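Chemist: Show me the folded form of this:
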Amino acid sequence: MSENPTAVSGLLVPDMGQPIRPKLLLVDDQAVNIQVLYQAFSADHQLIVARSGARALEICAAQQPDLVLLDVVMPDIDGYEVCKRLKADPATCDIPVIFVTSHTDEAQEAHGLDVGAVDFISKPFSTKIVRARVNTHITLKRQSDQLRSWVYVDRLTGVYNRRFFDDRLKSEWGRAARNRTPLSLLMLDVDYFKRYNDHYGHQAGDMCLRCVATAIQEKLQRPGDHVARYGGEEFACILPDTDLAAATHVAQAIRANVFAARMPHLASDLAPVVTVSVGVCTKLAVQAGTAHDLLCQADVQLFAAKRGGRNAVCAAVLTPSAGL
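Modeler: Numbers count the residues shown, from 1 in each chain. I've put the predicted structure just below:
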């Protein structure tokens, strides 16, 4: 069996108006155990497979499964440590974990719950019971996700808000520092937006911001990439595990997509349509600095893009010694 038997990658779109199937991550180093779980859930769940603790952590960070079915005994990082790391990371702490293991004593079960699991199922297990418990915890997670969305979603545009951005940037910076991976930040501003509001009115301005938000989202391909409304006509995109070249490519794709939307803007000095300017800053895989440095320098690049004529992208690697 391949590591990803159902070819699940990124966000999936439901067919014929049906709800998106819950996404489960199955973590076990034994193929026979994976096969049993695969047969139990493949009909009505999206399944992703990991055969090591390290791989499970990577998948959780990148693909945000709805629930993890996790074995305890694995060759690299045991299940307890995987669960502890998931719960310690703000980006993955809300993913429910169910241990599925051959351990049967109460001490092992208590330890599993202590490190953050929501349930503990001993092998051999009843398929009906496992399915029922998984469905219960997925329902609870989706209810919690809905409650969080009321706190973290910008009501005008439907993308994340400034509160989410501040929290997520901090957590992604910490994860990138721990894992020694790059992290990129995009700051975007709608060109001549005040003129747009003055010319078309504020209701049209609100619609413009919603269209820009949609154009940005269309070019963010990975579940771990996030766009937030930073304030007014300004947006921000957090791109984990993304180097400067890739981040610049995304920024250019967003800029072009907004232009291609052909939203009229007769008050602009650039073009008869709405355009955006984008600033990009990237933390290298191994680099000192802070999340605040990254934000400040992405904003500097945005200013450079606007000063250079707008409808442009300016990008640079983070320089912590810049004294910003």
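
Chemist: and residue 124, how many neighbours?
Modeler: As a burial measure, residue 124 scores 6 neighbours (other CB atoms under 10 Å). Where C-beta positions appear, they are placed from N, C-alpha and C, glycine not excepted.

Chemist: Is it in a helix, a strand, or coil?
Modeler: Going by DSSP: H, G, I helix; E, B strand; the rest coil, the secondary structure assigned to residue 124 is coil.

Chemist: What separation do you get for it and residue 100?
Modeler: The gap separating residue 124 from residue 100 is 10 Å, by CB to CB, to the nearest Å.

Chemist: And residue 307, by the same measure?
Modeler: Distance from residue 307 to residue 100, by CB to CB: 57 Å.

Chemist: Of these two, which one has the most company?
Modeler: residue 100 (25 against 11).

Chemist: Check which helix or strand that one maps to.
Modeler: Using DSSP states H and E, residue 100 falls within strand 97-101.

Chemist: Can you name every helix or strand that that strand contacts?
Modeler: Contact here means 3 or more CB pairs under 8 Å, 6 or more residues apart in numbering; DSSP states H and E; on that basis strand 97-101 packs against strand 67-70, helix 79-88, helix 106-114, strand 119-122, helix 127-152.

Chemist: tell me the average confidence for that strand?
Modeler: The pLDDT scores in strand 97-101 average 93.

Chemist: go on, stretch 264-280?
Modeler: Mean predicted lDDT for stretch 264-280 stands at 97.

Chemist: Show me what counts as buried in that stretch.
Modeler: For stretch 264-280, the neighbour count (16 or more other CB atoms under 10 Å) marks 265, 268, 270, 273, 274, 275, 276, 277, 278, 279, 280 as buried.

Chemist: Pipe those residues into a markdown table and attach distance to residue 242 and secondary structure per row.
Modeler: Formatted as a markdown table, the buried residues of stretch 264-280 follow (distance: CB to CB, whole Å; DSSP: H, G, I helix; E, B strand; the rest coil):
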| residue | distance to residue 242 | secondary structure |
| --- | --- | --- |
| 265 | 30 | coil |
| 268 | 30 | coil |
| 270 | 28 | coil |
| 273 | 28 | strand |
| 274 | 26 | coil |
| 275 | 23 | coil |
| 276 | 19 | strand |
| 277 | 20 | strand |
| 278 | 14 | strand |
| 279 | 15 | strand |
| 280 | 10 | strand |
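
Chemist: Turn those into CSV, columns for distance to residue 158.
Modeler: Shown next, in CSV, are those (distance: CB to CB, whole Å):
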residue, distance to residue 158
265, 22
268, 25
270, 26
273, 22
274, 18
275, 21
276, 18
277, 22
278, 20
279, 23
280, 24
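
Chemist: Tell me where the stretch 51-200 of the chain is predicted with low confidence.
Modeler: Within the stretch 51-200 of the chain, no stretch has pLDDT under 70.

Chemist: How about the secondary structure of the nearest residue to residue 197 once chain neighbours are set aside?
Modeler: Excluding its sequence neighbours, the residue lying closest to residue 197 (CB to CB, 6 or more residues apart in numbering) is residue 205, at 4.2 Å. Three-state call for residue 205 (three-state DSSP): helix.

Chemist: Determine which residue of this structure is most distant from the centre point.
Modeler: Relative to the centre of the chain, the most outlying C-alpha is that of residue 105, 36.9 Å out, by CA atoms, centre = their mean.

Chemist: Could you report the separation of that one from residue 112?
Modeler: 11 Å.

Chemist: residues contacting the residue nearest to residue 197?
Modeler: Residue 205 makes contact with 193, 196, 197, according to CB atoms under 8 Å, 6 or more residues apart in numbering.

Chemist: so what's the first one up against?
Modeler: Under the criterion of CB under 8 Å, 6+ apart, the contact list for residue 193 reads 205, 208, 232, 233.
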